[in-house]
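# Need a 3D model of the sequence below.
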Amino acid sequence: MFLKWLVEEGILNSFILFNFRVTLPKARNVNTPVIPTEKADECMLCHPNWTLVPRIARYTGMRLREILRLRKNDIVTYQGMLCIKVDERSKTGESRIITVADKLKDYMKNISELEKTKKQFDHFNTLVKKIPGCEKCKFHSWRVYANTQMMEAGVDQAVRMKILGHRASKSDIHIGYTSVQISQMKKAVDLIP
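Residues are numbered from 1 along each chain as shown. Sure thing, here's the model as predicted:
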């Protein structure tokens, strides 16, 4: 594993890999499918006992693990807006603030219900695949849905990346030098249908 990392970072060349017979992992070439806009409500409610988690994912683009770790004290008011505080245990290892869309506000008081419904996730992917047009969809498709909807509404890539918790690549100067305001994030999440 260490040798793989050295080659990926450009510290060692591929000659070392060949001599030590180390194979690098292949990049995923299958994109996560997006939930069709016209099927979003049906997908969100496909598991009648487990509607809060997909609703949060739909309007925030949060990862499943981030949502399942939410507690009441993670719902905060920041600059006068209701927000979700995602802790540093996220995939990127960085904390972030996501504004709560108006369509989601009424449901945030039920955040304590997440503790009871964690184990029901197993059936969501099976149920969502039964919906015509969503045969390849899975929970992660909500992230793609949120990003796609914001992109189609004209939301800047830097704003979308900030909401989704994506890091800018070293080559993307625009995003690296763009400051995203909380008000921009609020406008963006409110555009998600």
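
# give the contact list for His47.
Pro54, Gln120, His123, Phe124, Leu127 (C-beta atoms under 8 Å, 6 or more residues apart in numbering). From N, CA and C alone the C-beta is placed, and that goes for glycine too.

# which of these tops the neighbour count?
Pro54 (24 neighbours; other C-beta atoms under 10 Å).

# give me the element it is part of.
helix 52-60 (DSSP states H and E).

# And for Glu115?
Assigned by DSSP H and E, Glu115 falls in helix 114-117.

# Which other helices and strands does that helix contact?
With contacts defined as 3 or more C-beta pairs under 8 Å, 6 or more residues apart in numbering; DSSP states H and E, helix 114-117 has these neighbours: helix 52-60.

# mean confidence for the helix or strand that the helix it packs on is followed by?
Following helix 52-60 in sequence order, the next helix or strand is helix 64-68 (DSSP H and E). Averaging pLDDT along helix 64-68 gives 89.

# Same check on stretch 125-144?
Averaging pLDDT along stretch 125-144 gives 93.

# and the end-to-end length of that stretch?
15 Å (C-alpha to C-alpha, to the nearest Å).

# Show me which positions of that stretch end up buried.
Val128, Cys134, Cys137, Lys138, Phe139, Ser141, Trp142, Arg143, Val144 (16 or more other C-beta atoms under 10 Å).

# Domain map for this structure?
1-30, 31-190 (automatic domain parsing).

# mind giving me a markdown table with the buried residues of stretch 125-144 and columns for distance to Leu114?
Shown next, in a markdown table, are the buried residues of stretch 125-144 (distance: C-beta to C-beta, whole Å):
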| residue | distance to Leu114 |
| --- | --- |
| Val128 | 19 |
| Cys134 | 23 |
| Cys137 | 22 |
| Lys138 | 19 |
| Phe139 | 14 |
| Ser141 | 20 |
| Trp142 | 15 |
| Arg143 | 18 |
| Val144 | 22 |
